[in-house]
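*Asks:* below: sequence and its predicted model.
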Amino acid sequence: MTFIDWDSSQSWDTGAYWDQETEITPYSSQYYLSLLTSEYNQQPNAVDTVLISVQPFADSILFLQGLPAYFELATAVGDQLTKLGNLIGVARYVETPITGVYFALDSSTLGLDQGSMQGEFDPTEGLTEIPDDIYRMLVEVQIKLNRWNGTIPALYTALNPLLSGLVIQDFGNNTMFYGLTQTQSNPVINQLFLDGYFSLASAGVQVLPPAISSPSGTPFFGLDAENSAIAGLDVGYMI
C-alpha cells in the first residue's frame, strides 16, 4: 500500500492561499472582509455591500488613529500648528504689523534664508502672521514659560535657546529691562523682541523699552559690573 505524504510539495498545495497567513490592518476594510465566511467571501455582490457599509467607518478609524501625529509639535504645520499654539497660549497673529522683515534680493539681512515671504493676507507694510518656523519656536518657549517659577535664572533658561545675548536686569525698584547684545539671525525674532513680545514681569513691575545694542556684540552700559553683557564708561552701549 502506498501512503501519500500530505506535507510534501504536491501540486494541490502549490500556490494555495487558504493556508497562508496575511497581515491585515485592524479595523481596515480588509479586516471586515476577512470576517466573511466562505459562503459569502467569493460573492462579488456580498463583498461590495460590505465594503460600501464599512469603508466610511474604516476611514474614520484610520484618521483618528493618526490624529495625535497630525498635532505633533515637531511636525505640525499651518492650522494644526496654530491650534496647538492657541492651546499652549501663543497668538499666531500680532496686533502691530512687524515691519522690515520681508524678503528682499538687495539686502544683506533679508536675503535667502533670512527674510520672510509676504503671506496672502499680509499687508504690504508689515507681517501680521508669524511664519511656521518662528511660531514653532515661540510655542516651544511658551511651554517652558508655562512652568516658569517667576525667577530670573529660570527665565534665562526658557528664553536663551531662542534669544542669543539676552540681558535681563531687575533694578530693584519695580522696573526691569530686557536687552540683546547681538542681533538674531532671523529679523522677525528681532522685531518681536523690540515690540516687547518676550518682556515678562511680575504684576506691578514696569518693563522698560527693550533694546538691541549697536554695533552687534557690544555690551550694555552699567556700573559695578564687567562682563560680556554689561560694561562701564567708553565701552558699554547707552540706551
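*Replies:* Arrived safely, thanks for sending.
*Asks:* which stretches of this protein form helices?
*Replies:* For the chain, applying DSSP state H gives helices covering 29-33, 44-70, 78-88, 132-145, 152-159, 187-194.
*Asks:* winner for burial among those helices?
*Replies:* helix 187-194 (a mean of 21; mean count of other C-beta atoms under 10 Å). For every residue, glycine as well, the C-beta is placed using N, CA and C.
*Asks:* pull the CA atoms of that one into CSV?
*Replies:* Output in CSV follows, covering the C-alpha atoms of helix 187-194 (Å, rounded to 0.1, in the frame of the first residue of the first chain):
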residue,chain,number,x,y,z
PRO,A,187,14.7,89.6,11.6
VAL,A,188,11.2,88.5,12.8
ILE,A,189,12.6,87.5,16.2
ASN,A,190,14.5,90.8,16.5
GLN,A,191,11.3,92.8,15.8
LEU,A,192,9.2,90.7,18.1
PHE,A,193,11.8,91.3,20.8
LEU,A,194,11.8,95.1,20.3
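*Asks:* residues in contact with the spatially closest residue to Ile143 that is not a sequence neighbour?
*Replies:* In this structure, Ile143 finds its nearest non-sequential neighbour in Ile88, 6.0 Å apart by C-beta to C-beta, 6 or more residues apart in numbering. By C-beta atoms under 8 Å, 6 or more residues apart in numbering, the residues touching Ile88 are 139, 142-143, 146.
*Asks:* about what we covered before: so for Gln206, which of the helices of the chain sits nearest?
*Replies:* Closest of the helices of the chain to Gln206 is helix 152-159, at 15.9 Å (criterion: C-beta to C-beta).
*Asks:* between the contacts of Ile88, which sits nearest Leu180?
*Replies:* Out of the contacts of Ile88, the member with the shortest distance to Leu180 (by C-beta to C-beta) is Gln142, at 19.1 Å.
*Asks:* and the closest residue to Leu145 other than its chain neighbours, what pLDDT?
*Replies:* Closest residue to Leu145 apart from its sequence neighbours, by C-beta to C-beta, 6+ apart: Ala158 at 5.3 Å. Predicted confidence (pLDDT) for Ala158: 93.
*Asks:* Ala158 contacts Asn146, doesn't it?
*Replies:* No. When contacts are counted by C-beta atoms under 8 Å, Ala158 is not listed as touching Asn146 (9.4 Å).
*Asks:* any idea how far the residue nearest to Tyr40 when sequence neighbours are not counted lies from Glu39?
*Replies:* Using C-beta to C-beta, 6+ apart and skipping the chain neighbours, the partner closest in space to Tyr40 is Ala46 (4.1 Å). As defined by C-beta to C-beta, to the nearest Å, Ala46 lies at a distance of 9 Å from Glu39.
*Asks:* and for Pro68?
*Replies:* 40 Å.
*Asks:* now Lys144
*Replies:* Distance, Lys144 to Glu39, by C-beta to C-beta: 61 Å.
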